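**Q** Give the three-dimensional model of this entry:
(one chain, ligands or ions: 1)
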Amino acid sequence: MKIENVDAIVLRAPIETPVKTSFGIMHDRPAVVVRIRDTDGAVGWGEVWCNFPGCGAEHRARLVKTVLAPLLTGREVVDPAAEWRRLTEATRILALQCGEAGPFAQAIAGVDIALWDLAAKHAGLPLWRMLSDNASAESGPTIRVYASGINPDGAEELAARKLDEGYRAFKLKIGFGPEIDLANLKALRRLIGPQGALMVDANQAWDLHRALELVPHLRDFDLKWLEEPLAADAPAENWEALTKATSIPLAAGENLRGIEAFEAAVSAGILSVIQPDVAKWGGISGCVSVARRVLQAGRVYCPHYLGGGIGLAASAHVLAAVGGPGMLEIDANDNPLVRGLWPAMPQVSGGQISLPDKPGLGVEPDQAVFRTYQVE
Ligand SMILES: [Mg+2]
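**A** Presented below is the predicted three-dimensional model:
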């Protein structure tokens with residue numbers, strides 16, 4: 001496929017209830033959509049992670065338009081993974097000079113997703129099927145999901161709504177003080193019963209001392225995992241000390257970047273659940289290879305994701321392609337950019353979704369979303 005045009009669009013959807021994490025609040029829901037058109041007129045869609053800081057979406061879109069688009073326009077692309085490596089290498093020194101390895105990796109991830117969408121459309125295959133290793137019986141269009149981003153305010157009401165919608169697994173945001181965290185945990189465990197899966201995300205809120213103080217209180221909730229109790233860059237010995245102090249499986253990965261960082265995380269053996277974000281680092285190319293490595297090592301691959309519908313579909317396809325016991329993270333908060341960008345998003349039933357048999361990612365964004373929410 002020969003690339004004719006690469007564009008990035010910034011969407012911002014106003015929300016009534018801000019999304020709270022222990023490190024910051026989202027007052028609107030942003031998305032950076034990548035649209036790549038080839039000379040046959042086919043279009044591939046991608047999405048760039050841009051949740052924080054609040055002003056960051058426009059900058060990332062400009063990185064796509066001014067740094068990456070000139071490197072791709074007019075090029076014959078055969079293998080998106082080779083293109084991902086080429087773009088990473090071609091911008092490596094510039095990213096170092098800017099001190100912006102993260103935003104560059106995010107922008108490249110969004111482009112990678114769009115190139116894979118385009119490649120799978122040309123192949124006439126759903127992306128998960130194109131990516132799946134035929135030797136593995138693990139691949140398949142049906143994947144387990146969980147309701148994520150459950151805020152400290154109104155946690156029980158939101159979880160009850162998601163339970164009604166068909167979810168069977170739930171992840172609560174914690175790190176707001178033991179009183180609030182434990183009251184919410186008690187309410188959620190009561191609501192979902194012993195069969196429901198419950199996880200917590202501290203979003204890097206604690207130092208080791210605080211984490212050691214708090215983990216014993218989490219013991220009685222039968223948690224499937226505790227996510228980012230420490231900063232992603234906390235010393236390895238702190239992570240190790242925490243693993244020794246608790247039997248709750250630890251999860252992280254959304255704030256790791258690079259094959260080497262994931263390889264180190266897998267071989268350190270501390271994390272039970274590893275969560276790369278397809279729109280934040282690696283795109284499809286990097287995340288499929290990390291996911292396979294995670295599964296080989298006997299760990300759980302769970303895609304991290306909390307953005308619009310295109311990145312969600314991309315995460316679903318990676319999970320469907322590699323299989324394993326992981327679950328797709330689906331934002332429980334209302335965000336018009338999820339279904340707006342992925343109108344055919346499947347309904348959740350019995351804690352699962354089944355990807356439809358459409359070529360590519362199967363996202364054909366609703367044009368009304370662009371008319372309503374496009375800011376750049
Ligand atoms: Mg998280």
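
**Q** all contacts plus neighbour counts: C-alpha atoms, from now on.
**A** Will do.

**Q** which residues does V32 contact?
**A** By Cα atoms under 8 Å, 6 or more residues apart in numbering, the contact set of V32 is A8, I9, V10, L11, E47, V48, W49, C50, A57, E58, R60, A61.

**Q** what about the fifth one, which SS state?
**A** Secondary structure for E47, judged by DSSP: H, G, I helix; E, B strand; the rest coil, is strand.

**Q** one step back: include pLDDT when you put the contacts of V32 into a markdown table, please.
**A** Listed next are the contacts of V32 as a markdown table, based on pLDDT from 0 to 100:
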| residue | pLDDT |
| --- | --- |
| A8 | 98 |
| I9 | 98 |
| V10 | 98 |
| L11 | 98 |
| E47 | 98 |
| V48 | 98 |
| W49 | 98 |
| C50 | 97 |
| A57 | 98 |
| E58 | 98 |
| R60 | 98 |
| A61 | 98 |
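
**Q** Break the protein down into its domains, please.
**A** For the chain, the domain assignment from automatic domain parsing gives the residue ranges 3-125, 142-365.

**Q** then the longest helix anywhere in the chain to PDB, C-alphas only?
**A** Identified as the longest helix of the chain according to DSSP state H is helix 101-123. Extracted in PDB, the C-alpha atoms of helix 101-123 (Å, rounded to 0.1, in the frame of the first residue of the first chain):
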ATOM      1  CA  ALA A 101      10.500   9.900  24.200                       C
ATOM      2  CA  GLY A 102       7.000   9.300  25.600                       C
ATOM      3  CA  PRO A 103       5.000  11.600  23.300                       C
ATOM      4  CA  PHE A 104       7.000  10.500  20.300                       C
ATOM      5  CA  ALA A 105       6.300   6.800  21.200                       C
ATOM      6  CA  GLN A 106       2.600   7.600  21.600                       C
ATOM      7  CA  ALA A 107       2.400   9.400  18.300                       C
ATOM      8  CA  ILE A 108       4.200   6.500  16.500                       C
ATOM      9  CA  ALA A 109       1.900   4.000  18.300                       C
ATOM     10  CA  GLY A 110      -1.200   5.800  16.800                       C
ATOM     11  CA  VAL A 111       0.300   5.700  13.300                       C
ATOM     12  CA  ASP A 112       1.200   2.000  13.800                       C
ATOM     13  CA  ILE A 113      -2.400   1.200  14.700                       C
ATOM     14  CA  ALA A 114      -3.700   3.000  11.600                       C
ATOM     15  CA  LEU A 115      -1.200   1.200   9.300                       C
ATOM     16  CA  TRP A 116      -2.300  -2.200  10.700                       C
ATOM     17  CA  ASP A 117      -5.900  -1.300  10.200                       C
ATOM     18  CA  LEU A 118      -5.100  -0.500   6.600                       C
ATOM     19  CA  ALA A 119      -3.000  -3.600   6.100                       C
ATOM     20  CA  ALA A 120      -5.800  -5.900   7.500                       C
ATOM     21  CA  LYS A 121      -8.400  -4.100   5.300                       C
ATOM     22  CA  HIS A 122      -6.200  -4.900   2.300                       C
ATOM     23  CA  ALA A 123      -5.900  -8.500   3.400                       C
END
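
**Q** Which stretches in the stretch 201-350 of the chain count as strands?
**A** 223-227, 250-252, 273-274, 300-301, 327-331 (DSSP state E, counting those that start in this stretch).

**Q** Can you say which of those strands is nearest to E4?
**A** Among the strands of the stretch 201-350 of the chain, the nearest to E4 by Cα to Cα is strand 327-331 (33.0 Å).
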